[in-house]
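Novice: just a sequence and a predicted model for now, questions to come.
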Amino acid sequence: MSRYKVISVDKLVHVKREFGFPNDFLVNLVPKYSNYFRLIGSPGQGQSFLKLVEWNPEFAKSVIEQRADEESRLTGIQVRLNFNYKLPAGFFHRKEMREWVRDWLELDYISPYEDVSHLDQASREMEKRMVGVFHELLSLLLLKRVPVPILGKFTDEYRFSNAFSSVFTRHSGIFYMSLKGGIKTAVLRDAYKDDQLIDKDPLLEIKDKFVELLEEGWQERAELLRFQREQVK
């Protein structure tokens with residue numbers, strides 16, 4: 001999705017936890033798939049980049065395209081590609097905004113992996129493509145949410161405008177902007193039901209289980225200490 005199929009290694013390292021990358025992904029994961037990726041420069045010693053050297057169209061399918069393919073396979077009906085648009089309970093658009101959203105959703109879906117160099121940066125089509133880029137990026141994250149300042153670090157790679165964060169409030173049926181903790185965080189709305197992730201990544205399930213085991217261990221230790229104190233009495 002990035003410009004020229006290149007992305008800064010330093011920036012990738014900064015978001016490795018959000019994407020679930022292992023700590024050694026540059027040392028082990030990238031060389032393992034050297035037919036797809038090439039490391040340019042030396043990380044930590046000036047500018048370094050990760051470059052996509054082989055394009056595989058099978059990998060260039062967005063989450064929205066994959067869902068549509070699966071639904072078509074199950075129903076036998078060709079599904080039109082588009083975003084799930086759902087406003088939060090009790091929230092309504094004015095008539096003018098409802099009409100604008102309706103017309104905007106009628107525009108053809110543009111894959112975030114498609115070359116759009118021919119599109120006018122100020123066009124509605126480009127805006128729909130940009131929404132697709134944000135939707136795909138958030139879909140690839142473990143928690144399906146990310147602080148807006150972190151996204152801002154990738155402005156050059158993804159050709160975000162300076163006012164890119166307005167997308168999340170402008171398209172409130174697709175995204176949600178959280179201000180918890182005083183930090184603007186972009187959240188993918190269709191990934192959550194209430195405040196719970198609908199499809200939890202296995203890495204998160206492992207993390208939750210680890211935290212659960214730690215809590216059980218602390219509880220057992222506290223009970224043991226309490227028993228020992230009672231025995232002394």
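Specialist: Ah, there it is.

Novice: now the terminal residues of stretch 156-174, how far apart.
Specialist: Taking CA to CA, to the nearest Å, the first and last residues of stretch 156-174 lie 24 Å apart.

Novice: quick one: mean pLDDT over that stretch.
Specialist: Taken as a whole, stretch 156-174 has a mean pLDDT of 88.

Novice: list the buried residues in it.
Specialist: By neighbour count with 16 or more other CB atoms under 10 Å, stretch 156-174 contains the buried residues 157-160, 164-165, 167-168, 170-174. C-beta here means a position set from N, CA and C on the backbone, and glycine is covered the same way.

Novice: so how far is that stretch from its chain's centroid?
Specialist: Mean-position distance between stretch 156-174 and its chain equals 13 Å (CA atoms, centre = their mean, to the nearest Å).

Novice: so what touches that stretch?
Specialist: Residues outside stretch 156-174 that contact it (CB atoms under 8 Å, 6 or more residues apart in numbering) are 1-3, 6-8, 11, 83-88, 91, 101, 121, 127, 130-131, 133-135, 137, 148, 151-152, 154-155, 175-177, 184, 186, 188-190.

Novice: 6 Å - rerun?
Specialist: 2-3, 7, 83, 85-87, 131, 148, 175, 177, 186, 189 (CB atoms under 6 Å, 6 or more residues apart in numbering).

Novice: give me the subset of the residues you listed lying in strands.
Specialist: Ile7, Phe175, Met177, Ala186 (DSSP state E).

Novice: could you tell me which of those count as buried?
Specialist: Looks like the ones in strands among the contacts of stretch 156-174 have Ile7, Phe175, Ala186 buried, using 16+ other CB under 10 Å.

Novice: the first one against Lys51, yeah?
Specialist: No - in this structure, Ile7 is not within contact of Lys51 by CB atoms under 6 Å, at 8.2 Å.

Novice: strands of the chain, start to end?
Specialist: Taking DSSP E, the strands of the chain run over residues 6-8, 37-40, 49-52, 145-147, 175-178, 185-188, 192-193, 196-197.

Novice: Val63 is nearest to which of the ones you listed?
Specialist: Val63 lies closest, by CB to CB, to one member of these: strand 185-188, at 9.4 Å.
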